[in-house]
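> coords below, sequence missing:
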């Protein structure tokens, strides 16, 4: 059985992950409107990935006997100056999420909740990847310095992204698929 304190903290993370998805949908829409179809595709997949994070937390809470309590989701920004700014903000956002995951891990350790520690380790690793990906893309945009050919190449690279779902759907139990 999971503690009430851990359940509350994990439910807060569910809301944070839903906000992440909402933010990336907004970023995708702006990028699409600005003609960055590849970057919009990348952000759209990122939004979906965040939903799968929600489902992982959702399943874990329920599997441990906790209850789901969804919180309100703040509206994300809708405009940016450039694709570079989008990815810089995505990177800053991922750093915030990393801090949230670290806090959850600290709580799990303080409660000697080994199941939560093991579960959260996946997210610790995932956040390293999330930060690295958004930082690398922001650095590429900086290198391109707004030049058309460089921006085109970055957009083409981002368009090639695929997503493999790593968790079963919480409602249907459908196993992982490629998106």
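All right, it came through fine. Being a predicted model, the structure only gives us computed values, none of them experimental. Residues are numbered from 1 along each chain as shown.
> only C-alpha atoms for contact and neighbour calcs from this point on.
Noted.
> Tell me which residues touch residue 158, please.
38, 39, 41, 42 (Cα atoms under 8 Å, 6 or more residues apart in numbering).
> now the helices for the protein?
4-33, 37-63, 83-110, 114-144, 148-159 (DSSP state H).
> Minimum distance to residue 77: which of the ones you listed has it?
Evaluated with Cα to Cα, the helices of the chain place helix 4-33 nearest to residue 77, the distance being 7.1 Å.
> Give me the helices and strands touching the closest one, please.
The contact analysis (3 or more Cα pairs under 8 Å, 6 or more residues apart in numbering; DSSP states H and E) places helix 4-33 against helix 37-63, helix 83-110.
> quick one on the thing from earlier: out of the helices of the chain, which is closest to residue 76?
Short answer: helix 4-33, nearest of these by Cα to Cα, at 5.2 Å.
> Just give the nearest non-adjacent residue to the residue most central in space within the chain, would you?
The centroid of the chain falls nearest to residue 50 when counting by Cα atoms, centre = their mean (4.0 Å). Distances taken as Cα to Cα, 6 or more residues apart in numbering put residue 21 closest to residue 50, at 5.2 Å, once the chain neighbours are dropped.
> so which of the helices of the chain gets nearest residue 73?
Once the helices of the chain are compared by Cα to Cα, helix 4-33 is nearest, at 5.9 Å.
> Would you mark the buried spots in that closest one?
Residues of helix 4-33 classed as buried: 6-32 (neighbour count, 16 or more other Cα atoms under 10 Å).
> circling back to that earlier point, is it possible to get a markdown table of the helices of the chain that adds distance to residue 75 and mean pLDDT?
Output for those, formatted as a markdown table (distance: least, Cα to Cα, whole Å; pLDDT from 0 to 100):
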| stretch | distance to residue 75 | mean pLDDT |
| --- | --- | --- |
| helix 4-33 | 8 | 98 |
| helix 37-63 | 15 | 96 |
| helix 83-110 | 14 | 98 |
| helix 114-144 | 21 | 96 |
| helix 148-159 | 25 | 88 |
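> could you dump those to CSV with distance to residue 72?
Below are the helices of the chain laid out as CSV (distance: least, Cα to Cα, whole Å):
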stretch, distance to residue 72
helix 4-33, 7
helix 37-63, 14
helix 83-110, 17
helix 114-144, 23
helix 148-159, 31
